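Enquirer: Got a sequence here, can you model it:
(2 chains)
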Amino acid sequence: MMNPIKNMEINPLQASSSLGAAMFFLGINNAVVLMHGAVGCASFDKVTLTKHFRENIPIVTTALNEYGAILGGTDFLTSGIKNIYEKMKPDFIGIASSGLTETSGEDIACIIRDFKEKQDLPFSKIIYAGTPDYKGSLEDGYMKAMLALLEDFSGKETYKTFKKSKKLTKSINVFCPVSFTPQDFLELREAVGYFDLKPVMIPDLGLSLDGHLDERGYLQTTADGLGIKDMENIHNSEFNIVIGLSLGNAVKSISELTGLATYYFPNVCGLKNSDKLFNLLSELSGKEIPEKYKRQRRQLMDAYLDTHFYFLGKDIALALGIDLLDSFSMIYSEMGANLKIGISTKFSDDIKYRFLNFCEGDLDLLDNYRNVDLIVSNSNAGFYAKDFRIPLLRAGFPLIDEIGHGYKHYILYRGAVNLAVESANLLNKG
Amino acid sequence: MHITAKEEYFDEPACEHNGVAKDKKACKTATPGSSTGGCALDGAYIVLSPIKDALNIVHAPINCLGNSYNQRTSETTQRENYYMYGFTTAINENDLIFGSEDKLRQGVIYVFNRFKPKAVFIYNTCVPALTGEDIEGVSKELAAKLKIPVVPVFSQGFSGNKNLGNKIAGDALFTHIIGRKEPEIDLLSDYNINLIGEYNIRGELFLIKKALKQAGINVLSTITGDSTIEEIMYSHKAGLNVVVCSKALIYLARKMKEKYGLPYIEGSFFGLTSTNKAIMDIVNSIGDYELTCSAKKYIKIRTRNTEENIYEYKRFLTGKKALLYTGGVKSWSLVSALNDLGMKVIATGVKKSTEEDKLRIKEIDGNGNIIMLDNGNPVNLIKIAREEQVDIILAGGRNQYTAIKSLIPFLDVNQERFNPYTSYEGMEFLAKQIYFEIKNPLFKLLKESNINL
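Expert: This is a model prediction of the structure:
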């Protein structure tokens, strides 16, 4: 008898919220991530992130054992923080919890607060994001870490300082989604810079994990990224830009915590949304859109025309995190591609209409779509693509079986060209 | 319920650490705030997942499997296998409150109907262990219903490290799989052995099997690279267990010796000297005159042949300095492999090595001035590499960026390696890779360019 109830994730698409928080913290300069849980919680994440970014990933563990799991993990957590400081001297320690530590119901935030008061640690910022693995997705953990960081820096004192201080820099805060590649961060930073605005990317995985050889050689902490000084000054920025469908729920909090006007973009991909972003930047900075991007816009229009033939009558299956699913389907929709199935870790009514079918689930759902012409997903879908003999466009997380994904970017005009061209070539081969 | 690991796991007569620090549970500590290796789940999964016709189901929140599956480089001869699949019950908040035993039960039935596996391994993890779910009961019930072995693996991460996980997996195989079947007559030859702890990374098992076959030895079962459930079920019928590389699986070998009277030896196939020694040790344990003669002859031919093939590399590598940081058996067997190439090993990591391993290192290292690295701290590693001016660091992927960011040539000799390094062919690969890595002009170029413009 076939059992209709699946009740099993077969080749999961989703990753845990603690990993999301860790990824956020890795975008901060001179940072270490402390994973509060058993040794495996840190080890699994570290291995995957190292393979994905091809960089040293500073994640350490509190190494909770059975006594800690049952009797409480306070000592593990506090000695973990102390050891990190002694060995690595970071500016920032980001703490993510796990299913193990959250199940036992300890008040981790309180433990950290007590520890900070007693120890008086002026040297490091310590931020905690509660990320039980049984709740929420990668995107949720990332957002949680983002808000935890903002809350910490929006303490009353900082806010007062802001009220008194003069606006010296024309900086803006750019909140970016977990789906951005390091190159996406760098492209956006450059674009904002063209409008004589100083971007404060929150977080900045472009600076920290773009794969540059630091002149200091090997470092135990993140080599670059969002600086603590910049964080302290976020209230002095002109305005906020928030990007990412998954960050939609955070817009209100971001606006309140920073006290700034906030502009929200579910994605900055494709022709229309890139137009929107550039127009906004132009309007708010009072500068004209630079010639470089006007040119890129024309190039994109041409690339859409050149490549759209390859998509005629072809079916595409996408299995991606919600941000990238939104971004890619935006571009594909503009060029009239037929999106047979969209699989994601979360359901979204906002983008449902772009797909013939849309569902929440695992990569194994691809098994029902053996006749599509292109699969767009992460490395774990490689096995299905190979089995069905369908070309795979690798994107998302994790990307471990190919090198160079950190240099790719899919945002703004040029990003859309990249996606259109890469997809067309794969469809042509397939 | 198995919240804590069995005391038996920490009482290992075959391990030299045994009893040294019993109250502290040797081989088990990790410091908070450090980046240690994997947990028990990781270790158990590594051992059991290469079995190609079994399903591995991780009963856990999404963290344990979702963040990390499909990453090992074990190879198989079979295209149709479940090795590429990752299964998890993805425990969510509701499951946590109302219990997830039923979810697990239904999930296993679903995947059984769809994949028709020969066995199912269910891994218990931290969260269900804490909430006290009866994985053992569910497994028994499912085994009776599905009529295949459904094996509970009590590998919750908080009970210990990767090594402990290896043991737990060995115990699971010993308790539920081994001895459940008799081999067909035609599978047995005159001299049958099992390889324990060989996972066929980059096809290394294939090379070892080839060499052994040509030397006249039949590998009956491999635990667990490229293996089937059936072959592990009848592994007790072999004449000798050969524990390759994984010290932690000595536990399994000892258990099999106690129950089936199956003797065991340890051996390594990294490097020419080690491979030759391993083959001779196997042959000597079997104790057959004819076999010994033919094996000796075979070794002689292969050794001469390999030496010819690596001659050019060896000429270049003689006198070059290497820093080795890897675990267990490799800490000495790779020292010997590098010595085969005429290289000088400045230091070797002994964090995971036994006293016996350390003795072997001393034996191999004639001058006795090799540094035994107890501390794998990257900063320490780089310091020694710089002080001693080593030509190459050989270590696991964890230290890849430590080395290359410091502009020191590097070769991965752990599971991320690009080539098989075992047996005679492996020796050639190793020589070639080290040769080209050290010779690479890139490091010089970057050192010169690493001054700010």
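
Enquirer: Near residue B:113, how many other residues are there?
Expert: By other CB atoms under 10 Å in any protein chain shown, the residues close to residue B:113 number 12. C-beta coordinates here come from the backbone N, C-alpha and C atoms, glycine included.

Enquirer: got the contact list for the residue nearest to residue A:73 when sequence neighbours are not counted?
Expert: Of all residues beyond its chain neighbours, the one nearest residue A:73 is residue A:64 (5.1 Å), with distances taken as CB to CB, 6 or more residues apart in numbering or on different chains. By CB atoms under 8 Å, 6 or more residues apart in numbering or on different chains, the contact list for residue A:64 reads A:36-38, A:73, A:76, A:100-101, B:158.

Enquirer: Which of those residues fall in strands?
Expert: For the contacts of residue A:64, membership in strands holds for residue A:36, with DSSP state E as the criterion.

Enquirer: quick revisit: confirm that the residue nearest to residue A:73 sits in a helix.
Expert: No - applying DSSP: H, G, I helix; E, B strand; the rest coil, one finds residue A:64 to be coil, outside a helix.

Enquirer: Flag every residue of the stretch 351-453 of chain B that's near chain A.
Expert: B:377-379, B:382, B:397-398, B:401-403, B:405-407, B:446, B:450, B:452 (CB under 8 Å from any CB of the partner chain).

Enquirer: Show me which of these are buried.
Expert: Among those, those classed as buried by 16 or more other CB atoms under 10 Å in any protein chain shown are B:378, B:382, B:397-398, B:401-403, B:405-407.

Enquirer: after the helix or strand containing residue B:401 comes which helix or strand?
Expert: In the assignment (DSSP states H and E), residue B:401 maps to helix B:400-405. Going down the chain from helix B:400-405, the next helix or strand is strand B:410-412, by DSSP H and E.

Enquirer: now for the helix or strand immediately after that following strand in the chain, which elements pack on it?
Expert: Elements were assigned by DSSP H and E; along the chain past strand B:410-412, the next helix or strand is helix B:423-439. Applying 3 or more CB pairs under 8 Å, 6 or more residues apart in numbering or on different chains; DSSP states H and E, one finds that helix B:423-439 contacts helix B:204-214, helix B:272-286, helix B:289-309, helix B:311-317, helix B:330-340, strand B:392-395, strand B:410-412.

Enquirer: so which of these is the most packed in?
Expert: strand B:392-395 (a mean of 27; mean count of other CB atoms under 10 Å in any protein chain shown).

Enquirer: List the contacts of it.
Expert: Against strand B:392-395 from outside (CB under 8 Å, 6+ apart): B:320-326, B:334, B:338, B:349, B:381, B:385, B:399, B:402-403, B:408-414, B:434, B:437-438.

Enquirer: again, 6 Å this time
Expert: Applying CB atoms under 6 Å, 6 or more residues apart in numbering or on different chains, the contact partners of strand B:392-395 are B:322-326, B:385, B:403, B:408-411, B:413, B:438.

Enquirer: which of those residues are buried?
Expert: B:322-326, B:385, B:403, B:408-411, B:413, B:438.

Enquirer: ok so, going back, so for residue A:298, which of the helices and strands packed on helix B:423-439 sits nearest?
Expert: Shortest distance between residue A:298 and these, using CB to CB, is found for strand B:410-412: 45.4 Å.

Enquirer: got the contact list for that closest one?
Expert: B:393-394, B:397, B:400, B:403-404, B:433, B:437.

Enquirer: what's the closest of these to residue B:50?
Expert: residue B:397 (18.7 Å).

Enquirer: so the closest one sits right up against residue B:415, yeah?
Expert: No - between residue B:397 and residue B:415 there is no contact under CB atoms under 6 Å: 7.4 Å.

Enquirer: Which single residue of the stretch 201-350 of chain A approaches chain B most closely?
Expert: residue A:218 (4.0 Å; CB to the nearest CB).

Enquirer: And the stretch 101-250 of chain A, by the same measure?
Expert: For the stretch 101-250 of chain A, CB to the nearest CB, closest residue to chain B: residue A:133, 3.5 Å.

Enquirer: how many other residues sit next to that residue?
Expert: Considering only other CB under 10 Å, residue A:133 is surrounded by 33 other residues.

Enquirer: got it, and residue A:263?
Expert: 18.

Enquirer: That one belongs to a strand?
Expert: Yes - secondary structure assignment (three-state DSSP) places residue A:263 inside a strand.

Enquirer: picking up where we left off before, would you mind giving the helices and strands packed on helix B:423-439 as JSON lines with mean pLDDT added?
Expert: Output for the helices and strands packed on helix B:423-439, formatted as JSON lines (pLDDT from 0 to 100):
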{"stretch": "helix B:204-214", "mean pLDDT": "93"}
{"stretch": "helix B:272-286", "mean pLDDT": "93"}
{"stretch": "helix B:289-309", "mean pLDDT": "94"}
{"stretch": "helix B:311-317", "mean pLDDT": "95"}
{"stretch": "helix B:330-340", "mean pLDDT": "86"}
{"stretch": "strand B:392-395", "mean pLDDT": "93"}
{"stretch": "strand B:410-412", "mean pLDDT": "93"}
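
Enquirer: Out of the ones you listed, flag the one nearest residue A:111.
Expert: So among the helices and strands packed on helix B:423-439, strand B:392-395 is nearest, using CB to CB, at 35.6 Å.

Enquirer: Adjacent strands (with direction) for that closest one?
Expert: Looking at strand B:392-395 with DSSP bridges, its partner strands are strand B:321-325 (parallel), strand B:410-412 (parallel).

Enquirer: rewinding a little: tell me the confidence at the residue of the stretch 101-250 of chain A closest to chain B?
Expert: On pLDDT, residue A:133 comes in at 88.

Enquirer: my guess is it contacts residue A:99, does it?
Expert: Yes - shown here, residue A:133 and residue A:99 form a contact pair, counting by CB under 6 Å, at 3.9 Å.

Enquirer: Between those two, which contacts overlap?
Expert: residue B:61.

Enquirer: now what about stretch A:254-262, what contacts it?
Expert: A:150, A:154, A:234, A:239-240, A:242, A:251.

Enquirer: Now do that stretch: distance to the chain's middle.
Expert: Averaging C-alpha positions (CA atoms, centre = their mean, to the nearest Å) puts stretch A:254-262 20 Å from its chain's average.

Enquirer: Next: stretch B:441-453.
Expert: For stretch B:441-453 - counting by CA atoms, centre = their mean - the centre lies 37 Å from the chain centre.

Enquirer: No more questions from me, cheers.
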